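# curious how this folds, go ahead:
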Amino acid sequence: MEILGKLFGNDARVKIIRLFFLNADTGFDPKEIERRTKLKTITVRRELAILKSIGFIKKKLFSKDLPPKKKTSGWFLDSDFPYKRELKDLILNADSVNNSKIVDRFKKAGTIKLLIVSGIFIKDNDSRTDVLIVGDNLKKGKIENAMRLIEAEIGKELAYAFFDTKEFKYRLEMYDKFIYDILDYPHQRLVDKLQLPEKNARF
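Numbering: from 1, shown residues only. Coordinates of the predicted model:
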């Protein structure tokens, strides 16, 4: 993100571009963009104006999912943007959050024994989850806050799960399908104090 931020002028623009690429069929009003990216109102307005001026986004009416459904105007990725494919490859193939930053996000969430990333972090759309956290004295609120911050960097809502160590070990012994669907397929372990077998782990 840091290199792209310098290349594109700032990190805020990269965040918003990622948001539109990863949600290509979704319309966003400015408030939703603020919520998803954690950017300030004035920053979002400035960047939307720039992206509109180059034809990257366009405004049109859409229906919000939550009731009562009503038409509202919002911003969409413009499918006619001439450099869409090249820009998408550049933005989405670059790492949006480095591993040490992800670990730092969870430092206050409890005693982390295992932290696994898969899915969007290793560009595997078939993964059951994007983040798996195992530890002791885990704080749900801190984990949720950390996830929201990472989602803001990446531009997409993430699938995640967390277990205390005792429950995780019990699930391992019971051959829990969800757990083994993560461990048996490609993933990356950012923290592994449980010293699990290294099958399919990417380091």
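
# contact partners of stretch 27-39?
12, 15-16, 19-20, 40-41, 44-45, 47-48, 60, 62, 72-76, 148-149, 151-152, 155, 157 (C-beta atoms under 8 Å, 6 or more residues apart in numbering). Bear in mind the C-beta positions are built from the backbone N, C-alpha and C, glycine included.

# what subset of these is buried?
Applying 16 or more other C-beta atoms under 10 Å to the contacts of stretch 27-39, the neighbour count classes 12, 15-16, 19-20, 44, 47-48, 62, 74-76, 151-152, 155 as buried.

# quick one: the strands in the chain?
57-63, 71-77, 111-117, 131-136, 160-164, 187-192, 201-202 (DSSP state E).

# which regions of the protein sit below the pLDDT cut-off?
Within the chain, the ranges that satisfy pLDDT under 70 run 1-5, 65-69, 95-96, 199-203.

# any idea which helix is longest in it?
helix 140-154 (DSSP state H).

# what about dumping the CA coordinates of that one to PDB?
Provided in PDB are the C-alpha atoms of helix 140-154 (Å, rounded to 0.1, in the frame of the first residue of the first chain):
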ATOM      1  CA  LYS A 140     -14.400  -9.900  20.800                       C
ATOM      2  CA  GLY A 141     -14.600  -6.200  20.600                       C
ATOM      3  CA  LYS A 142     -10.900  -5.800  20.000                       C
ATOM      4  CA  ILE A 143     -10.900  -8.500  17.300                       C
ATOM      5  CA  GLU A 144     -13.900  -6.800  15.600                       C
ATOM      6  CA  ASN A 145     -12.200  -3.400  15.700                       C
ATOM      7  CA  ALA A 146      -9.000  -4.900  14.200                       C
ATOM      8  CA  MET A 147     -11.000  -6.600  11.500                       C
ATOM      9  CA  ARG A 148     -12.700  -3.400  10.600                       C
ATOM     10  CA  LEU A 149      -9.300  -1.600  10.300                       C
ATOM     11  CA  ILE A 150      -7.900  -4.400   8.100                       C
ATOM     12  CA  GLU A 151     -11.100  -4.300   5.900                       C
ATOM     13  CA  ALA A 152     -10.600  -0.600   5.500                       C
ATOM     14  CA  GLU A 153      -7.100  -1.200   4.100                       C
ATOM     15  CA  ILE A 154      -8.100  -4.000   1.800                       C
END
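
# what's it in contact with?
In contact with helix 140-154 (C-beta under 8 Å, 6+ apart) are residues 1, 15, 18, 22, 36-39, 96-97, 102, 105-106, 108-110, 120, 131, 133, 157-158, 160, 162.

# which residues touch residue 88?
Residue 88 touches residue 21, counting by C-beta under 8 Å, 6+ apart.

# how close does it get to residue 190?
26 Å (C-beta to C-beta, to the nearest Å).

# do residue 92 as well
Relative to residue 190, and taking C-beta to C-beta, residue 92 is found at 20 Å.

# same question for residue 70.
42 Å.

# more neighbours: which of these two?
residue 190 (18 against 9; other C-beta atoms under 10 Å).

# check contacts around that one.
Counted by C-beta under 8 Å, 6+ apart, residue 190 has contacts 99, 102, 103, 115, 116, 117.
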